[in-house]
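Novice: with the input below, show me the fold.
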Amino acid sequence: MTRETTKFVYVTYILSTPEKVFEAITKPDVARRYWGHENVSDWTPGSQWAHIRANDARTVELVGEVVEIAPPTRLVLTWANASQAADPASYSRVTFEIVEYDAMVRLTVTHDELEAGSGMANGISKGWPAVLSSLKSFLETGRGLDVFAKPKAA
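Specialist: Predicted structure coming up:
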């Protein structure tokens, strides 16, 4: 039986350079400032990467492998909850494509190979818009958003 998959594609334009956008994704000390997590790897194809919560507990929340890297325009990662790392079927894929447009960058994030209806797919649908909005704010103003904010009760 084949599992049903889904994908999400997010596009945002950022007043920045491809180099700064790529650095914001791959440098732990920069990612921490808008994502609340550090993306840690040596960033070579086949290397492992970890998405570590930037708090006192330093919890590894996501793991994967660097599939492809071409700074500053492309990064492809596998992606799974750390608790499911031993299950090959739990992995999805994230592709970051960075294209220069005059004085700005078009960042396209494609998260595919997701199991339809899974907890990961549901989380992705809320998580990426907040993270990419925070990235844009951070690179344009120097201040990220609170990606852990919750809706106010009505």
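Novice: show residues contacting the top helix by length along the chain.
Specialist: For the chain, the longest helix by residue count, based on DSSP state H, is helix 119-141. Under the criterion CB atoms under 8 Å, 6 or more residues apart in numbering, residues 6, 8, 10, 12, 14-16, 20-21, 24-25, 33-35, 80-81, 90, 92, 107, 109, 111, 114-115, 143-147, 149 lie in contact with helix 119-141. Quick note: C-beta positions are derived from backbone N, CA and C, even for glycine.
Novice: try stretch 93-105
Specialist: With CB under 8 Å, 6+ apart as the test, stretch 93-105 has contacts from 13-18, 21-22, 25, 64, 67, 72-79, 106-113.
Novice: those residues in helices, which ones?
Specialist: 18, 21-22, 25.
Novice: which of the residues you listed sits closest to Ala50?
Specialist: Ile25 (13.9 Å; CB to CB).
Novice: any idea how far stretch 51-65 is from the middle of the chain?
Specialist: Here stretch 51-65 is found 13 Å from its chain centre; the criterion is CA atoms, centre = their mean, to the nearest Å.
Novice: can we start the residue count at 42 from this point?
Specialist: Renumbered: residue one is now 42, and that last one reads stretch 92-106.
Novice: from Leu103, how far out is Leu186?
Specialist: 20 Å (CB to CB, to the nearest Å).
Novice: neighbour count for these two, which is higher?
Specialist: The neighbour count for Leu186 versus Leu103, taken as other CB atoms under 10 Å, is higher for Leu103 (22 against 17).
Novice: doesn't Asn96 lie inside a helix?
Specialist: No. Under the criterion used here (DSSP: H, G, I helix; E, B strand; the rest coil), Asn96 is coil, not part of a helix.
Novice: need the nearest residue in space to it, chain neighbours excluded.
Specialist: Distances taken as CB to CB, 6 or more residues apart in numbering place Gly77 nearest to Asn96, at 7.9 Å, with adjacent residues excluded.
Novice: do Pro69 as well
Specialist: Nearest residue to Pro69, sequence neighbours excluded (CB to CB, 6+ apart): Glu79, at 3.4 Å.
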